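Novice: got a structure for you, letters missing:
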């Protein structure tokens with residue numbers, strides 16, 4: 001049997017690259033060596049390279065995403081396992097490039113990546129499928145801002161977030177109108193577009209959804225109990241939150257969350273790993289965002305959910321590679 005060459009592609013251009021390297025390592029370790037030759041590829045702003053077991057680098061040829069090894073041997077990859085969080089692997093840039101050169105890859109296509117990386121557009125599309133979200137105001141940099149009008153419309157507290165940024169960077173919970181201007185500056189430092197949302201007072205849950213063996217399944221619903229004001233970068237990656245799987249919700253609410261999470265995934269034409277964030281208020285799940293390349297380090301939510309669901313990481317990762325191999329170039 002011919003083993004397929006799989007490149008686990010990690011890194012990225014944002015502050016999230018450190019998390020991506022941990023996620024990549026777990027996938028690298030989990031893929032079945034009886035079926036695949038597994039390679040590590042790191043993509044950073046300044047360099048794209050293959051990394052061998054001794055920590056030696058070899059440059060990636062961007063013309064066809066191949067690598068020339070020191071043995072003089074050229075390696076082409078049958079599949080790229082994309083586990084970059086943030087740009088360029090979660091916003092569609094990398095997928096569009098791979099499409100252009102005919103390279104197969106895991107996860108969703110470039111359009112779904114670009115769409116879900118844009119919070120405003122995702123929620124606008126999903127509202128057509130009757131998926132509820134917070135009331136919001138969208139602003140571009142240098143646009144006139146009527147603070148009074150926004151605060152009157154959305155009430156306090158409210159959230160100010162960059163429209164396109166991973167890992168909860170640049171988010172502020174504004175409780176007092178005097179904090180509003182600073183929150184805008186903080187968000188605009190991350191992105192030229194921002195989203196201001198009304199505060200939803202409820203339980204935050206994180207829902208893993210993927211297409212597994214031909215079916216859209218909800219891997220699990222994890223309750224987020226932040227020690228901070230909300231599920232920010234520190235809470236996500238530095239342990240300042242409790243994550244309880246399965247979430248402490250009744251069966252009816254659980255079914256409602258599962259149904260909405262599946263519907264959102266299918267409505268967007270998603271494939272591959274995804275993790276959607278919701279706030280459950282008065283029994284109704286309101287969608288905050290969808291991540292198409294969620295954290296996959298051992299401490300991350302998705303691997304924990306898979307464990308409880310009863311899918312091994314070997315099967316979970318193998319399923320992604322098999323689906324990618326079946327894609328048309």
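Specialist: Structure's in. What do you need? Keep in mind it's a predicted model, so treat the numbers as computed, not measured.
Novice: looking at this structure, which helix or strand is least sure?
Specialist: Sorted by mean pLDDT, DSSP states H and E, the helices and strands of the chain end with helix 233-237, the least confident at a mean of 48.
Novice: Sketch out the low-pLDDT regions of the stretch 151-300 of the chain for me.
Specialist: For the stretch 151-300 of the chain, the stretches flagged by pLDDT under 70 are 165-168, 228-240.
Novice: and the nearest residue to residue 51 once chain neighbours are set aside, what element?
Specialist: Once flanking residues are discounted, residue 51 sits nearest to residue 40: 4.5 Å by Cβ to Cβ, 6 or more residues apart in numbering. In this view, the C-beta of every residue, glycine as well, is placed from N, C-alpha and C. Using DSSP states H and E, residue 40 maps to strand 36-43.
Novice: before we move on, the earlier item: might you report the residue contacts of the residue nearest to residue 51?
Specialist: Residues near residue 40 by Cβ atoms under 8 Å, 6 or more residues apart in numbering: 7, 8, 10, 24, 28, 50, 51, 52.
Novice: Mind doing that once more with 7 Å?
Specialist: 8, 24, 28, 50, 51 (Cβ atoms under 7 Å, 6 or more residues apart in numbering).
Novice: Report the separation between the last one and residue 214.
Specialist: Separation of residue 51 from residue 214 (Cβ to Cβ, to the nearest Å): 34 Å.
Novice: quick one: which of these two has more around it?
Specialist: residue 51 (18 against 7; other Cβ atoms under 10 Å).
Novice: For the more buried one, list each beta-bridge partner.
Specialist: Judged by DSSP bridges, the bridge partners of residue 51 are residue 40, residue 57.
Novice: So which residue is smack in the middle of this protein?
Specialist: residue 291 (2.8 Å; Cα atoms, centre = their mean).
Novice: how close does it get to residue 210?
Specialist: When residue 291 is compared with residue 210 (using Cβ to Cβ), they lie 12 Å apart.
Novice: if I look at these two, which residues touch both of them?
Specialist: Between them, residue 291 and residue 210 share the contacting residues residue 274, judged by Cβ under 7 Å, 6+ apart.
Novice: Pull the distance from the lengthiest helix in the chain to the chain's centre.
Specialist: The residue-count maximum for a helix in the chain (DSSP state H) belongs to helix 251-267. Relative to the chain's own centre, helix 251-267 is displaced by 18 Å; criterion: Cα atoms, centre = their mean, to the nearest Å.
Novice: From the contact counts, what lies against it?
Specialist: Helices and strands touching helix 251-267, by 3 or more Cβ pairs under 7 Å, 6 or more residues apart in numbering; DSSP states H and E, are strand 203-212, strand 215-226, strand 274-281, strand 284-291.
Novice: re the thing from before, identify each buried residue in the strand holding residue 40, please.
Specialist: 36, 38, 39, 40, 41, 42, 43 (16 or more other Cβ atoms under 10 Å).
Novice: How far away from the center of its chain is stretch 14-33?
Specialist: With Cα atoms, centre = their mean as the basis, stretch 14-33 stands 14 Å off its chain's centre.
Novice: tell me the mean pLDDT for that stretch?
Specialist: Stretch 14-33 comes out with an average pLDDT of 95.
Novice: ok, and what's touching stretch 94-113?
Specialist: With Cβ under 7 Å, 6+ apart, stretch 94-113 has contacts from 64-65, 78-82, 84, 88, 90-92, 268-273, 292-293, 320-321, 324-325, 327, 329.
Novice: how about stretch 290-308: buried residues?
Specialist: Per 16+ other Cβ under 10 Å, stretch 290-308 contains these buried residues: 290-297, 300-306.
Novice: Kindly indicate which of these lies nearest residue 253.
Specialist: residue 305 (17.3 Å; Cβ to Cβ).
Novice: returning to what we had before: quick one: the residue nearest to the centre of the chain and residue 275 touch, right?
Specialist: Yes - between residue 291 and residue 275 there is a contact under Cβ atoms under 7 Å: 4.7 Å.
Novice: Serialize the buried residues of strand 36-43 to TSV and add fields for distance to residue 221 and pLDDT.
Specialist: Below are these laid out as TSV (distance: Cβ to Cβ, whole Å; pLDDT from 0 to 100):
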residue	distance to residue 221	pLDDT
36	31	98
38	31	98
39	35	97
40	32	98
41	33	98
42	33	98
43	32	98
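Novice: So which bits of the helix or strand hosting residue 125 are buried?
Specialist: Using DSSP H and E, residue 125 sits within helix 119-127. Across helix 119-127, burial judged by 16+ other Cβ under 10 Å covers 119, 120, 122, 123, 125, 126.
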